[in-house]
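S.K.: no FASTA, just this:
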């Protein structure tokens, strides 16, 4: 029997279901949902009478709207029903569940469900995630509308079409999107991290698993250490290694330091040797030191390099590095002898050599230096990156201003890096 007009699930819950003689079979408690084409559909109504449950098949329904519910079945012959976890029940399994709304980059709740008639079925067409759904369930939606009219305003509908929701299953904790990879990948990594953090561990892992490698790496760097470890620890080592390789070496070291030792070693075995060595070098430093904060990704060229050649090389090399602020000048032994900013490089005579434009009064820090010492140097001299050098003056890496900000404004759960 087709539905008449707009119908929300909350509008029929607790309403009586009548038999052909007008007797009450029971009051609406829930509906059984099954897969339909193109949308999920109602396969049966669950009613309650005198604390007993009865199942009325959809084929046995005569009238189904928000004013009256009736069935062809007589009250005395209704089929008894016992709650089963194998059934997907709309009230029990869908209402109040979380929904990852990628359009709004937030997690919302299923406050109500909109039903419509499609051919001879009642199908689920949308989830109400707005205030209307809450007020409707409380029975005060219309009263609230009249009150708002006095102030010349109205209450919007906030519906998420079922076309954007995943295939449902019993015992849901969170409802997610059917296309998280395409939709979530368009969000800022920090927004993706927020979404993953707000849902259950299982659903967070599901969202993360469906991201492409590059997006997963960016989102992972925005998550809390505990969540990072959970997600990577649950993945197979090969895919985990692909994600870790996409991260900056210092961020990769932070993630691996929070994993069980055997898992971290297994992942490192799947990472290219040179990158794995860079990460292991960073893991050897204490977390609250310049060496613990630095990244080994930087650009350095010999002093006799022509400016034009340096620019050409930078176009090739710079794309592989997350943040580039300066071009460092090193000798054959990798000893740091100068630095030039990108601005100075671009404005210089293309035929000049780096040795002629570089700044030689360098500000550096040792890898053992306290993180606050590095922060003070960056702040005092208005630097955006600070070279970390060893006892011989050879450059080991750089500490960026972003790294300093992360330490000054740390996440709630601060890392304690462990050597692998």
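M.R.: Alright, I've got the coordinates. Just so we're clear, the structure is a prediction, and the values are computed from it rather than from any experiment. Residues are numbered from 1 along each chain as shown.

S.K.: relative to the whole chain's centre, how far out is stretch 64-72?
M.R.: 42 Å (CA atoms, centre = their mean, to the nearest Å).

S.K.: what comes up buried for that stretch?
M.R.: Buried residues in stretch 64-72, counting neighbours by 16 or more other CB atoms under 10 Å, are found at 64-66, 69-71. In this view, the C-beta of every residue, glycine as well, is placed from N, C-alpha and C.

S.K.: can you pick out the most distant pair from those?
M.R.: For the buried residues of stretch 64-72, the maximum inter-member distance is 16.1 Å, found between 66 and 71 (CB to CB).

S.K.: which of the buried residues of stretch 64-72 fall in strands?
M.R.: Among the buried residues of stretch 64-72, the members falling in strands (DSSP state E) are 64, 69-71.

S.K.: quick check, nearest of these to residue 303?
M.R.: Closest to residue 303, out of all of those and judged by CB to CB, is residue 64, at 82.8 Å.

S.K.: what's the spacing between that closest one and residue 31?
M.R.: 10 Å (CB to CB, to the nearest Å).

S.K.: any common contacting residues for the two?
M.R.: residue 122 (CB atoms under 8 Å, 6 or more residues apart in numbering).

S.K.: what does stretch 26-40 contact?
M.R.: With CB under 8 Å, 6+ apart, stretch 26-40 has contacts from 9, 12-17, 41-49, 52-55, 69, 78, 87-92, 94, 118, 121-125, 162-163, 167-168.

S.K.: go with 6 Å
M.R.: 12-17, 42-49, 54, 87-91, 123-124, 162 (CB atoms under 6 Å, 6 or more residues apart in numbering).

S.K.: same question for stretch 53-63.
M.R.: In contact with stretch 53-63 (CB under 6 Å, 6+ apart) are residues 1, 26, 42-47, 70-73, 78-79, 81.

S.K.: show residues contacting whichever strand or helix holds residue 275.
M.R.: Assigned by DSSP states H and E, residue 275 belongs to helix 273-283. Helix 273-283 is contacted from outside by 245, 249-250, 252-253, 257, 268, 296, 419-420, using CB under 6 Å, 6+ apart.

S.K.: neighbours of residue 39, just the number please.
M.R.: 19 (other CB atoms under 10 Å).

S.K.: need the ones in strands among the buried residues of stretch 64-72 in a markdown table (columns: pLDDT).
M.R.: A markdown table is the format used below for those (pLDDT from 0 to 100):
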| residue | pLDDT |
| --- | --- |
| 64 | 92 |
| 69 | 93 |
| 70 | 94 |
| 71 | 94 |
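
S.K.: same list (these) but as JSON lines, adding distance to residue 274.
M.R.: JSON lines is the format used below for these (distance: CB to CB, whole Å):
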{"residue": "64", "distance to residue 274": "66"}
{"residue": "69", "distance to residue 274": "69"}
{"residue": "70", "distance to residue 274": "74"}
{"residue": "71", "distance to residue 274": "71"}
